[in-house]
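Participant: Got a predicted structure plus its sequence, pasted below:
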Amino acid sequence: MKRKIRQIDPIRYEMYLHRLWAIGEEGRMTLQRVTASPIVSQGGECMSSFYDEKGTMVLACSGHLRFAAATSDAIRDLMRRFEKSPGFFDGDQFFFNDPYVAGSHTYDMMIVKPIFYEGELIAWTATSTHTADTGGLLRGAAQEIFHEGICVPGLKIVEKDEFREDVFQTLTGMCRDPQYVGLDLKAMIAGNNICAKRYLGLVEKFGLKFVQLAGEKMIEDSEAKSRAKLRSMPDGTWVTRQYVTTLDRKTRKSVAQQLYCTMTKKRDELRFDFTGTSPQTDTDHNSTLPSTVAHLALALTNTLFWDVPWSDGKMRPVKVHVPEGSILNCKYPAACGAGPRIGNVLVSTVCEAVAKMIYASGRYDDVNASTTGNLEFVGGPGYFYGGHTREGIAVAQGLYDIHGSGMGASPHRDGVNTGGHMNIPSAGISDVERIEMQYPFLYFTRSHNPDGSGFGQYRGGLGSHRVYLIYGSKDCSVDYKPYGGVAQGGFGLAGGYPTGNGATRVIIEAGLAMLDRVKKGEQPTADAMRKGQWGKSILPAGVPERIPLPEGSLLVDYVAGGGGFGDPIDRDPQAVLKDFGRGWVSRDVAENIYGVILQANGRGIDEGATETRRQEIRAERKRQSQLPPDGAERTENGWRALLKFHGALEIATDGKRKMVRCSRCGHLFCGADENYKLHALHRVTHLSEVMPPLSSGDPYIGEYHIYACPGCATQLQVDMFSPTLGGDAVLWDTRIDADKVKIR
């Protein structure tokens, strides 16, 4: 039976809550000032948070939300294992990075500190960072967790306020750059010291009993607000499916895998079932169960529960089932170094289901397409480098331009260009000059990626693309992501596309002589590099885990854009013209996707030709589609809308029947308890028809399944499907509980 929290003064409670948040932010910023890691200092991949004496999270602050969702399990595991020996004392701090207990991979390091008051354990504080080096094999090559460097379930690095040099040197001595990792460890300790000291100041100011009751109230309030929000939304089931690719070690070829999510909302509970997800791999392309649950919590925090206090209470209404042995619940000792990449696609998979549920509740401002902005045609150089800089210092591995991804569109506005990384509200991207100091790179450009966002009535935010040269290193290498020929980790909504077609990776053997051309005023561009004008392409034999990048290698890489919302031919032509003028959209996409005919000089719109072109696109949709079964009808007088669950679809009634209806033209699809896609115009477009050839020469194995209204030809949904993995091509994604939709 749930214990009722004793009432406390609401004004003092608000003062305490905001002060605790400010203290957590101070701890996080302290950590970022001390660290040497560009991932932390500039990318923001860190966290400060507070827990009650039992390890339940009371409040997390605006760092990396994956850490906030994981540390509770780490603290409880520490208490279970080490409470008797070596025990917890005032002034202790413990190091932890075991991804089978908490976190996503061994690179997620955390240090937790018990907080004592008058000899009694009253709370915990924790700081976490994503530290790029743990020793072990470089990224991409691990086949077991043992290959991924240090993996520690708990080690006392500070004992009764005395820094343990033996533990510190043991941990850092197993890494390639002891100074780099050492400063990260000391940064976490410094952050904890600040948080613990300030927390005790709150105890002195408000009193211990008040602080404890306030912590309990934060947890209870989070649960109550989460449940209230769920009760305000329609009951139903939403199903989503997205893809990732990895390496088959036997054939040395890339293979696709799917993440399959069934989300069911009933009253004030939300259930997730990931049955149907592909099995775990023998690469590092796996997610442990703690990593999966952490990313699920992250997805819900930044979409559904964004306005709920960030404590463990918000997840109490959520139930999760993940089959053991799947890519989302790998069995020990599987490697999991790429767990965050699986996690990013998982976040997108969950967010697609949540976005559709939120739309059906009428909260349009909270709807966002492709929230993580992580759709990739993966292949070529990854983000984790190795080797040494010009000064002989070990390369800092992770390059975090990826934090400049595009955010997804909403029902009323475009997504934000290079808007950030939704996993980290306080994320940033590294300054180019800082990158060139810490990596053997020279940048020629970092700019918005043309045609790189999801097309729609409101387009997704553009990601960035960059061109850079390997300079000053004789042993640079990078992890190699095998091309899979299927889009990964993104989605569009209400007829918007999950991505654009402006994203391919290229590696050119240019040589340092190319700098002479640059001195003369020439600049390498992605298009020129693809045409071989700056050297020949470097393609590895087979699919290795890593590839060498000789000095003089010239690379094009990109960061993904956000998904679109709504039918692209509903986009305001002036918005298309504006994007064209900025170089964000090409004439080809303007004419063939948006149906906008630009004047020859590109400064205006041919309005008559635009209207004709859009009529042609609607006619093409009908002509190219598989026709739905006969018997469809158009609503007449007496029909009224009950629930709008989609940008152009609603459940309507004539007083006797409940049916899915087009809210634009009135076309009736089917009963409200049926899959509208089976009664829609349906066309299949292979990715090879709309995407540029993969630089590896691999074929595409994915296809778009595109649905439109038989009445007005409005585009309703663009689904990605990979036939190689089987399953139902016509995904029944939205199943509103029609019995609960009341006829008024």
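Facilitator: Everything's here; your move.
Participant: which residues does Leu554 contact?
Facilitator: Applying CB atoms under 8 Å, 6 or more residues apart in numbering to Leu554 gives the contacts 467-470, 507-510, 514, 524, 529, 534-535. Heads up, the C-betas are built off the backbone N, CA and C, glycines and all.
Participant: What subset of these is buried?
Facilitator: Buried by 16 or more other CB atoms under 10 Å: Val467, Tyr468, Leu469, Ile470, Ile507, Ile508, Ala510, Met514, Pro524, Met529, Trp534, Gly535, out of the contacts of Leu554.
Participant: Let's see which of these end up in strands.
Facilitator: Assigned to strands by DSSP state E, the following of the buried ones among the contacts of Leu554 qualify: Val467, Tyr468, Leu469, Ile470, Ile507, Ile508.
Participant: In CSV: the residues you listed, plus pLDDT.
Facilitator: Output for these, formatted as CSV (pLDDT from 0 to 100):
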residue, pLDDT
Val467, 94
Tyr468, 95
Leu469, 97
Ile470, 96
Ile507, 89
Ile508, 91
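Participant: Sort out which one of those lies nearest Ile651 for me.
Facilitator: Val467 (49.8 Å; CB to CB).
Participant: which residues does the closest one form a beta bridge with?
Facilitator: Beta bridges link Val467 to Thr445, Val556, judged by DSSP bridges.
Participant: need the contact list for it.
Facilitator: By CB under 8 Å, 6+ apart, the contact set of Val467 is Tyr443, Phe444, Thr445, Pro524, Thr525, Ala526, Met529, Leu554, Leu555, Val556.
Participant: mind running it again at 10 Å?
Facilitator: Counting by CB atoms under 10 Å, 6 or more residues apart in numbering, Val467 makes contact with 442-447, 506, 508, 523-526, 528-529, 534, 554-557.
Participant: List only those of the residues you listed flagged as buried.
Facilitator: When those are checked for burial by 16+ other CB under 10 Å, the buried set is 442, 444, 446, 506, 508, 524, 526, 529, 534, 554-557.
Participant: of all the residues you listed, which comes closest to Arg664?
Facilitator: The closest of the buried ones among the contacts of Val467 to Arg664 turns out to be Ala526 (CB to CB; 38.7 Å).
Participant: my guess is that closest one meets Thr445, correct?
Facilitator: Yes - under the criterion of CB atoms under 10 Å, Ala526 makes contact with Thr445 at 8.9 Å.
Participant: which neighbours do these two share?
Facilitator: Common neighbours of Ala526 and Thr445, counting by CB under 10 Å, 6+ apart, are His465, Arg466, Val467, Val556.
Participant: Now distance to Gln242 too, for those, in JSON lines please.
Facilitator: Formatted as JSON lines, the shared contacts of Ala526 and Thr445 follow (distance: CB to CB, whole Å):
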{"residue": "His465", "distance to Gln242": "23"}
{"residue": "Arg466", "distance to Gln242": "25"}
{"residue": "Val467", "distance to Gln242": "29"}
{"residue": "Val556", "distance to Gln242": "25"}
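Participant: Let me know the closest of those residues to Lys197.
Facilitator: Looking across the shared contacts of Ala526 and Thr445 and measuring by CB to CB, the closest to Lys197 is Arg466, at 41.7 Å.
Participant: unless I'm mixing things up, the closest one is touching Tyr383, no?
Facilitator: No - using CB under 10 Å, Arg466 is not in contact with Tyr383; the gap is 11.6 Å.
Participant: any common contacting residues for these two?
Facilitator: Common neighbours of Arg466 and Tyr383, using CB under 10 Å, 6+ apart, are Leu399, Asp401, Asp557, Val559.
Participant: who touches the second one in this structure?
Facilitator: If I follow you right, that is Asp401. Neighbour list for Asp401: 43, 383, 418, 429-430, 432, 435, 443, 446, 463-466, 468, 557-559 [criterion: CB under 10 Å, 6+ apart].
Participant: and it, how far is that from Tyr468?
Facilitator: Asp401 sits at a distance of 10 Å from Tyr468 (criterion: CB to CB, to the nearest Å).
Participant: joint contacts of these two?
Facilitator: Between them, Asp401 and Tyr468 share the contacting residues Val432, Ile435, Tyr443, Arg446, Asp557, judged by CB under 10 Å, 6+ apart.
Participant: Which pLDDT value belongs to the first one?
Facilitator: Read that as Val432. pLDDT, Val432: 90.
Participant: May I ask you to confirm that Asp365 belongs to a helix?
Facilitator: Yes - under DSSP: H, G, I helix; E, B strand; the rest coil, Asp365 falls within a helix.
Participant: Pull the contacting residues for the closest residue to it other than its chain neighbours.
Facilitator: Computed as CB to CB, 6 or more residues apart in numbering, the closest residue to Asp365 that is not its neighbour in sequence is Ser410, at 7.0 Å. Contacts were defined as CB under 10 Å, 6+ apart; by that measure Ser410 touches 355, 359, 364-369, 458, 460, 493, 562, 565-566.
Participant: Please name whichever of those scores lowest on pLDDT.
Facilitator: The pLDDT minimum for those sits at Ala369, where the score is 87.
Participant: tell me the SS of that residue?
Facilitator: Ala369 - assigned by three-state DSSP - is coil.
Participant: start at 2 instead
Facilitator: Sure, I'll start counting at 2 from here, so that last one is Ala370.
Participant: how close does it get to Gly648?
Facilitator: From Ala370 over to Gly648 the distance is 11 Å, taken as CB to CB.
Participant: between these two, what contacts are shared?
Facilitator: Pro412, Gly457, Tyr459, Leu494, Ala495, Gly497, Phe566, Gly567.
Participant: Closest one of these to Thr654?
Facilitator: The closest of the shared contacts of Ala370 and Gly648 to Thr654 turns out to be Ala495 (CB to CB; 21.9 Å).
Participant: My guess is the closest one contacts Gln716. True?
Facilitator: Yes - contact criterion CB under 10 Å: Ala495 and Gln716 qualify, at 8.5 Å.
Participant: any common contacting residues for the two?
Facilitator: Common neighbours of Ala495 and Gln716, counting by CB under 10 Å, 6+ apart, are Gly457, Gln458, Gly567, Asp568, Asp571, Gly648, Ala649.
Participant: Which of the residues you listed ranks first by neighbour count?
Facilitator: Among these, Gly457 has the most neighbours (other CB atoms under 10 Å), with 34 neighbours.
Participant: Which parts of the stretch 302-451 of the chain are strands?
Facilitator: If DSSP state E, counting those that start in this stretch is used as the criterion, the strands of the stretch 302-451 of the chain fall at 319-322, 381-387, 442-449.
Participant: scratch that, the stretch 502-651 of the chain is what I was asking about
Facilitator: Using DSSP E, counting those that start in this stretch, the strands found in the stretch 502-651 of the chain span residues 507-510, 537-538, 547-549, 554-559, 634-635, 641-645, 650-654.
Participant: Of those strands, which is nearest Gly667?
Facilitator: Gly667 lies closest to strand 634-635 among the strands of the stretch 502-651 of the chain, at 5.1 Å (CB to CB).
Participant: from the shared contacts of Asp402 and Tyr469, which is closest to Arg20?
Facilitator: Nearest to Arg20 among the shared contacts of Asp402 and Tyr469: Ile436, at 36.7 Å, using CB to CB.
Participant: what's the closest non-adjacent residue to that closest one?
Facilitator: Spatially, and ignoring its direct neighbours in sequence, Ile436 is nearest to Phe442 (6.1 Å; CB to CB, 6+ apart).
Participant: Name all residues that make contact with the one you found.
Facilitator: Counting by CB under 10 Å, 6+ apart, Phe442 touches 386, 390, 396, 400, 433, 436, 467, 469-474, 477, 550, 556.
Participant: can you pull the pLDDT of it?
Facilitator: Phe442 is assigned 94 on the pLDDT scale.
Participant: Can you spell out which residues form a bridge with it?
Facilitator: According to DSSP bridges, beta-bridge pairing links Phe442 with Ile471.
Participant: ok, now His131?
Facilitator: Beta-bridge pairing for His131 (DSSP bridges): Asp109.
Participant: Could you measure from it over to Ile40?
Facilitator: 5 Å.
Participant: what sits in contact with each of these two?
Facilitator: Contacts common to His131 and Ile40, judged by CB under 10 Å, 6+ apart, are Glu46, Cys47, His65, Tyr108, Asp185, Gly399, Tyr401.
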